[in-house]
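Participant: I would like to see how this sequence folds:
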Amino acid sequence: MDSAIFFQIGSSPLSARASFPIGIYILGVVLVAALVGGFWFLTKHLLDYKKSEKYIQKQLSRVSTYKDVKKFIEDNRLSSEEEDMLWNMCRIQKLPNINYYIKEPEPFFAKLKEFYFYLKEHNATPKDIDIFFRLDFNIEKISAATKNLLSTKQLIPEAIVFYLTHESEQFPFYVKSNTQDFLALEIPKFMYDNPNLKPPLLERLRFITKAQNGMTYHFTSRAMRYQTNPDGKIYLIIAHSEDLLNQAHRNSKRESIDTECIFHPARPAKPEERTKKAIKNNEDEYVIAPKEYPGRVTNISSGGCCIKTKLPVKEKQYLTIRIPSMNLDEHIIGIIRRTRQLIDQTYNLHIQFLKIDLESKNKINAYAFKYEI
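Facilitator: Numbering: from 1, shown residues only. All right, here's what the predicted structure looks like:
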């Protein structure tokens with residue numbers, strides 16, 4: 001019998017590994033490490049350069065492109081309507097790269113105000129003005145997020161700090177001294193003399209203040225002591241606070257005011273009371289009572305307001321509001337979300353607007369943004 005003949009193909013895996021040149025393996029590791037290190041170095045160098053003053057000034061020295069605006073809109077999740085408005089503003093005013101210019105709040109917000117009057121002069125529609133105010137409000141929030149008020153130590157002299165009573169009534173105090181250890185607030189003498197209004201010592205009190213960028217913050221702080229100055233002025237000494245809460249979650253800009261208003265009871269219309277126009281447009285409709293009551297608006301936004309009145313109106317009731325001093329002659333429909341009795345036996349009605357036309361909304365925003373006062 002013939003002996004079997006076999007081909008010998010290669011060597012065993014073990015011997016193959018034993019004969020693999022170790023130098024090639026080391027060289028490969030070194031090359032990979034060099035590539036990774038080089039990529040890291042270039043990336044870090046690029047990131048450092050983009051943070052440099054030279055790069056920032058270069059971006060501020062060129063005019064915004066549509067690509068810049070698109071990036072800003074996408075990064076901040078703004079609407080397509082706001083995108084069109086911002087692009088028109090950048091194009092018409094030839095603004096620097098918007099992604100960097102927004103970090104220069106004073107000149108940027110001056111340009112926003114200038115563009116508002118440009119829109120008015122060119123007969124922009126109420127809808128366009130409404131979109132502009134939405135954009136303005138969102139940009140304020142974006143800008144404020146980069147420059148948060150982190151501590152009461154940042155408050156400047158003469159800054160207004162509103163004290164909130166247990167009934168949420170607001171009284172303005174003024175920063176008179178801001179030291180490393182405490183904040184001295186000047187308070188009205190009538191509050192100091194009134195046991196019902198005088199802020200209690202050794203308790204945590206509630207306050208509201210505004211940063212220089214216009215954003216509102218809530219904070220609490222413990223009252224330490226009172227101090228009477230030689231000129232008779234009363235200071236409330238409070239501890240510093242670092243638990244400032246940014247109120248950027250609001251949907252519209254709110255501003256304090258003190259002006260007369262007229263309000264009427266209202267209710268949703270019954271099916272048989274609805275007009276053909278309201279049915280066709282699928283609009284909510286309300287029946288307004290002829291009886292009217294006086295009140296004072298103490299703060300306002302395009303989304304609602306607070307009315308001070310002697311009338312103890314219960315929550316969840318509908319009403320209409322007119323504010324003659326602001327030329328708001330429309331019956332703005334609202335619902336009372338909260339009623340609070342104040343120390344002087346009056347009531348604060350916290351109202352959410354349910355039905356308001358764009359022209360009235362724009363008038364309120366013009367006041368809230370301090371464009372037209």
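
Participant: Test my guess that Gln227 contacts Tyr235.
Facilitator: Yes - using Cβ atoms under 8 Å, Gln227 is in contact with Tyr235, at 4.4 Å. Backbone N, C-alpha and C define where each C-beta goes, glycine included.

Participant: These two: which is more packed in?
Facilitator: Neighbour tally, Gln227 and Tyr235, criterion other Cβ atoms under 10 Å: the higher count belongs to Tyr235, 21 against 13.

Participant: quick one on the thing from earlier: list the residues that are in contact with both of Gln227 and Tyr235.
Facilitator: Ala184 (Cβ atoms under 8 Å, 6 or more residues apart in numbering).

Participant: which residue ranges form the helices in the stretch 101-250 of the chain?
Facilitator: Counting by DSSP state H, counting those that start in this stretch, one finds helices in the stretch 101-250 of the chain at the ranges 105-121, 126-146, 189-193.

Participant: Packing partners of the first one?
Facilitator: Other elements packing on helix 105-121 under the criterion 3 or more Cβ pairs under 8 Å, 6 or more residues apart in numbering; DSSP states H and E are helix 80-93, helix 126-146.

Participant: Redo those helices as CSV? Include distance to Thr259 and mean neighbour count.
Facilitator: As requested, the helices and strands packed on helix 105-121 are exported to CSV (distance: least, Cβ to Cβ, whole Å; neighbours: other Cβ atoms under 10 Å):
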stretch, distance to Thr259, mean neighbour count
helix 80-93, 30, 17
helix 126-146, 20, 18
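
Participant: Considering these, which stretch scores lowest in mean pLDDT?
Facilitator: Among these, helix 126-146 has the lowest mean pLDDT, at a mean of 89.

Participant: Tell me what angle that helix forms with helix 105-121.
Facilitator: 180 degrees (axes from the mean of the first three to the mean of the last three Cα atoms, to 10 degrees).

Participant: pull the CA atoms of helix 126-146 into CSV?
Facilitator: Below are the C-alpha coordinates for helix 126-146, written out as CSV (Å, rounded to 0.1, in the frame of the first residue of the first chain):
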residue,chain,number,x,y,z
PRO,A,126,-49.5,93.2,14.9
LYS,A,127,-48.4,89.6,14.3
ASP,A,128,-44.9,90.7,13.4
ILE,A,129,-44.7,92.9,16.5
ASP,A,130,-45.9,89.9,18.6
ILE,A,131,-43.2,87.7,17.1
PHE,A,132,-40.6,90.4,17.8
PHE,A,133,-41.5,90.5,21.5
ARG,A,134,-41.4,86.7,21.7
LEU,A,135,-37.9,86.8,20.2
ASP,A,136,-36.9,89.6,22.5
PHE,A,137,-38.1,87.8,25.6
ASN,A,138,-36.4,84.5,24.6
ILE,A,139,-33.1,86.3,23.9
GLU,A,140,-33.3,88.0,27.3
LYS,A,141,-33.6,84.5,28.9
ILE,A,142,-30.7,83.2,26.8
SER,A,143,-28.5,86.2,27.7
ALA,A,144,-29.4,86.0,31.4
ALA,A,145,-28.5,82.3,31.5
THR,A,146,-24.9,83.2,30.7
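
Participant: Would you mind pulling up the elements that it packs against?
Facilitator: Looks like helix 126-146 contacts helix 80-93, helix 105-121, helix 358-368 (3+ Cβ pairs under 8 Å, 6+ apart).

Participant: Show residues contacting that helix.
Facilitator: With contact meaning Cβ under 8 Å, 6+ apart, helix 126-146 is reached by 76, 78-79, 81-82, 84-86, 102-103, 105, 108-109, 112, 115-116, 119-120, 124, 211, 213-215, 246, 248, 252-253, 302, 357-359, 361-362, 365, 369.

Participant: Next, the angle from that helix to helix 80-93.
Facilitator: Angle of helix 126-146 versus helix 80-93, following the same axes, to 10 degrees, is 90 degrees.

Participant: gap between helix 126-146 and the chain center?
Facilitator: The gap between where helix 126-146 is centred and where its chain is centred comes out at 9 Å by Cα atoms, centre = their mean, to the nearest Å.

Participant: ditto for stretch 225-238
Facilitator: Stretch 225-238 has its C-alpha centroid displaced from the chain centroid by 34 Å (Cα atoms, centre = their mean).

Participant: Flag every buried residue along it.
Facilitator: Neighbour-count burial for stretch 225-238, counted by 16 or more other Cβ atoms under 10 Å, picks out 234-238.

Participant: any idea of the mean pLDDT for that stretch?
Facilitator: Regarding stretch 225-238, the rounded mean pLDDT is 92.

Participant: do the same with stretch 150-159
Facilitator: 89.

Participant: Quick one: low-confidence residue ranges for the protein.
Facilitator: 1-21, 23, 25, 37-51, 145-148, 212-214, 247-250, 373 (pLDDT under 70).

Participant: again, only using 50
Facilitator: Low-confidence segments of the chain (pLDDT under 50): 1, 7, 49.

Participant: Strands along that one, start to end?
Facilitator: Ranges of strands in the chain, per DSSP state E, are 160-164, 170-178, 182-187, 204-210, 216-228, 234-239, 245-246, 255-268, 286-288, 293-301, 304-309, 318-323, 328-341, 347-355.

Participant: Identify whichever of the ones you listed lies nearest to Ile98.
Facilitator: strand 245-246 (22.6 Å; Cβ to Cβ).

Participant: other SSEs contacting the closest one?
Facilitator: The helices and strands touching strand 245-246, judged by 3+ Cβ pairs under 8 Å, 6+ apart, are strand 216-228.

Participant: Can I get the strand it packs on in CSV, CA atoms only?
Facilitator: Once non-C-alpha atoms are left out, strand 216-228 reads as follows in CSV (Å, rounded to 0.1, in the frame of the first residue of the first chain):
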residue,chain,number,x,y,z
THR,A,216,-36.1,88.6,38.0
TYR,A,217,-34.9,86.5,40.9
HIS,A,218,-36.6,85.2,44.1
PHE,A,219,-34.6,84.5,47.2
THR,A,220,-35.0,83.9,51.0
SER,A,221,-32.8,85.3,53.7
ARG,A,222,-32.8,85.5,57.5
ALA,A,223,-33.5,88.9,59.2
MET,A,224,-30.7,89.6,61.6
ARG,A,225,-31.4,92.9,63.3
TYR,A,226,-32.6,96.5,62.8
GLN,A,227,-30.4,99.6,62.7
THR,A,228,-31.6,103.2,63.1
